[in-house]
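>>> Sharing a model prediction with you, sequence too.
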Amino acid sequence: MKEKATVALVRCENYNQEEVLVAVEKGLTLIGGVGQFAKKGEKILIKPNILVGDNPDRCVSPHPLVFKAIANAFKNVGANLSYGDSPGFGNPRGNARKAGFQEIADEMEIPFADFENAVTLSNPDGKLVNKFEIAQGVADSDGLVSISKLKTHALTRITGAIKNQFGCIPGPRKAEFHSVLPNALQFSKMLVDLNLLLKPRLYIMDGIMAMEGNGPRNGNPRAMNVLLFSTDPVALDSVVCKLVDLNPKLVETLVVGEEFGLGTAHDINIVGDPVEDFINLDFDVNRSPASTTTSTSFLSTGFMRRYSAPRPTIKPEVCTSCGTCVKVCPAEPKALTWADENHKKPPIYDYAKCIRCYCCQEMCPENAIFVKIPLLGKIIHR
Ligand code: SF4
Ligand code: SF4
């Protein structure tokens, strides 16, 4: 009989260095000990989700002290460590520095891996994508340790253990996937294929301070007081759904993850602190049955698409006209353009061209973009 997936939950109520260290060691012990995941001399790449170089207080990335505690455990078994991520926008090293990782990595003599150059890896078992361009630093490692943040996401509702590996694809290559896979289901199939190719040895999630609301960059910090550990990303993200009272059937990465054999959303053995202690029924996450994209057939064209599909929307009073949203929009031609020659007014959307990838909402530095479900969309999906 197939063994159940194990997810370990460990209480940790703040980012005090000693407390985080103890909690990480406890979690690693609960899932079998760090020695299971690395041997002396093996090249282990630690990959925190560094979406962008924001201050740790904003809860966009796992806290650098969680990274430090995990790196410490792997150093103790003699692993040869590197770290890195490819952010949604900008330079990988610069973002790692601004998000607080570089200082710790330098202290611990952990080099930043090559996240600029790519190598093509074939993925013969991929159900949707049979080759990926992967960061050279990831390809050069013997094993990957994935550190995600418990937070919301406009396209995939939560961004967790499975989605973190998207940052193993360097720079602009990520945007190409958004333009060729313009709905949550297709995008999730790609993410699951990517995980099946990379097979991280261990998934750890920082949920000590989570992000709710307008994630993954502009939501509000929310204390969840928990660290999660698993070798099964589907199981880990499913437990997160339980913690935030989100139906896992609405999370396409979990539905596809089970279907493609990446893991289980059902046969889960939760160990450590009681799961009931961490459930927050009022966590602000999108629980609407309405698709986050335009994937359903008759809603995907013409009038219905225009008047029922969720859409990114700019709050003009908050927008600083920085232009990030225009730069990151992967649609061709762009679905966001400047309203005036001098770029003083907020950009404007052409929703007929918009593929609902929400990269603009994700990367806006000012929390000026939110996702609005038109009234017709709310009525249809009631
Ligand atoms: S990214 Fe945000 S602040 Fe910058 S132009 Fe777009 S909406 Fe305005
Ligand atoms: S306007 Fe925003 S949601 Fe639409 S395609 Fe461009 S980045 Fe994606």
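Structure's in. What do you need? Numbering: from 1, shown residues only. Ligands and ions are numbered 1, 2, ... in the order given.
>>> who's in contact with the one residue in the stretch 1-150 of the chain that gets nearest to ligand 1?
Nearest residue of the stretch 1-150 of the chain to ligand 1: Phe89, at 9.9 Å (CB to the nearest ligand atom). In short, each C-beta sits where N, CA and C put it, glycine included. Counting by CB atoms under 8 Å, 6 or more residues apart in numbering, Phe89 touches Val52, Thr324, Lys327, Val328, Met363.
>>> leaving aside the residues next to it on the chain, what's closest to the second one?
Going back to what we said before, that points to Thr324. Computed as CB to CB, 6 or more residues apart in numbering, the closest residue to Thr324 that is not its neighbour in sequence is Met363, at 5.3 Å.
>>> Report the separation between the one you found and ligand 1.
Met363 is 7 Å from ligand 1, where distance means CB to the nearest ligand atom, to the nearest Å.
>>> Show me the shaky parts of the stretch 251-382 of the chain.
294-306, 377-382 (pLDDT under 70).
>>> That one against ligand 2: which residues are in contact?
312, 329, 331, 335-336, 349, 354-360 (CB under 6 Å from any ligand atom).
>>> mind listing which of those residues are in strands?
Pro312, Leu336, Tyr349 (DSSP state E).
>>> Count the neighbours of the second one for me.
Neighbour count for Leu336, taken as other CB atoms under 10 Å: 23.
>>> Quickly list what it is bridged to.
Tyr349 (DSSP bridges).
>>> That one against Cys325, yeah?
Yes: shown here, Leu336 and Cys325 form a contact pair, counting by CB atoms under 8 Å, at 5.5 Å.
>>> and for those two, which residues touch both?
Between them, Leu336 and Cys325 share these contacting residues under CB under 8 Å, 6+ apart: Pro347, Cys360.
>>> what about Pro124, is that helix, strand or coil?
Going by DSSP: H, G, I helix; E, B strand; the rest coil, the secondary structure assigned to Pro124 is coil.
>>> before we move on, the earlier item: just confirm the residue nearest to Thr324 contacts His178, I think it does.
No: between Met363 and His178 there is no contact under CB under 8 Å: 11.7 Å.
>>> that older thread, of the ones in strands among the residues of the stretch 251-382 of the chain next to ligand 2, closest to ligand 1?
Leu336 (7.5 Å).
>>> check contacts around the closest one.
Neighbouring residues of Leu336 by CB under 8 Å, 6+ apart: Cys325, Val326, Cys329, Pro347, Ile348, Tyr349, Asp350, Cys354, Cys360.
>>> The same query, at a cut-off of 7 Å, please.
For Leu336, the residues meeting the contact criterion (CB atoms under 7 Å, 6 or more residues apart in numbering) are Cys325, Val326, Cys329, Pro347, Tyr349, Cys360.
>>> what does Lys131 give?
Thr120, Leu121, Ser122, Asn123.
>>> Now it. Nearest residue, chain neighbours left out?
Using CB to CB, 6+ apart, the closest residue to Lys131 is Ser122 (4.9 Å).
>>> any idea how far that neighbour is from ligand 2?
Ser122 is 29 Å from ligand 2, where distance means CB to the nearest ligand atom.
>>> Just give the number of residues close to that residue.
With other CB under 10 Å as criterion, Ser122 counts 10.
>>> The residue of the stretch 1-150 of the chain closest to ligand 1 falls within a helix, correct?
No: with three-state DSSP as the criterion, Phe89 is coil rather than part of a helix.
>>> pretty sure the residue nearest to Thr324 contacts Gly90?
No: in this structure, Met363 is not within contact of Gly90 by CB atoms under 7 Å, at 9.3 Å.
>>> Okay, now the unreliable bits of the stretch 51-200 of the chain?
The stretch 51-200 of the chain contains no residues with pLDDT under 70.
>>> thinking the residue nearest to Lys131 is in contact with Asn130, fair?
Yes: with contact defined as CB under 7 Å, Ser122 reaches Asn130; the gap is 6.5 Å.
>>> Just say helix, strand or coil for the residue in the stretch 101-250 of the chain positioned nearest to ligand 2.
Distance from ligand 2 to each residue of the stretch 101-250 of the chain (CB to the nearest ligand atom) is smallest for His178, at 6.7 Å. Three-state assignment for His178 (three-state DSSP): helix.
>>> Hmm, Pro330 and it touching each other?
Yes: taking CB under 7 Å as the definition, His178 is a contact partner of Pro330 at 4.4 Å.
>>> Between the two, which contacts overlap?
Residues touching both His178 and Pro330 (CB under 7 Å, 6+ apart): Cys357, Cys359.
>>> Stretch 231-241: how far from the chain's middle?
13 Å (CA atoms, centre = their mean, to the nearest Å).
>>> what comes up buried for it?
Thr231, Asp232, Pro233, Val234, Ala235, Leu236, Asp237, Ser238, Val239, Val240, Cys241 (16 or more other CB atoms under 10 Å).
>>> Show only the entries of those residues found in helices.
If you go by DSSP state H, these have Pro233, Val234, Ala235, Leu236, Asp237, Ser238, Val239, Val240, Cys241 in helices.
>>> so can I have JSON lines of those residues showing distance to ligand 1 and pLDDT?
Output for these, formatted as JSON lines (distance: CB to the nearest ligand atom, whole Å; pLDDT from 0 to 100):
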{"residue": "Pro233", "distance to ligand 1": "30", "pLDDT": "98"}
{"residue": "Val234", "distance to ligand 1": "33", "pLDDT": "98"}
{"residue": "Ala235", "distance to ligand 1": "35", "pLDDT": "98"}
{"residue": "Leu236", "distance to ligand 1": "31", "pLDDT": "98"}
{"residue": "Asp237", "distance to ligand 1": "28", "pLDDT": "98"}
{"residue": "Ser238", "distance to ligand 1": "33", "pLDDT": "98"}
{"residue": "Val239", "distance to ligand 1": "33", "pLDDT": "98"}
{"residue": "Val240", "distance to ligand 1": "28", "pLDDT": "98"}
{"residue": "Cys241", "distance to ligand 1": "29", "pLDDT": "98"}
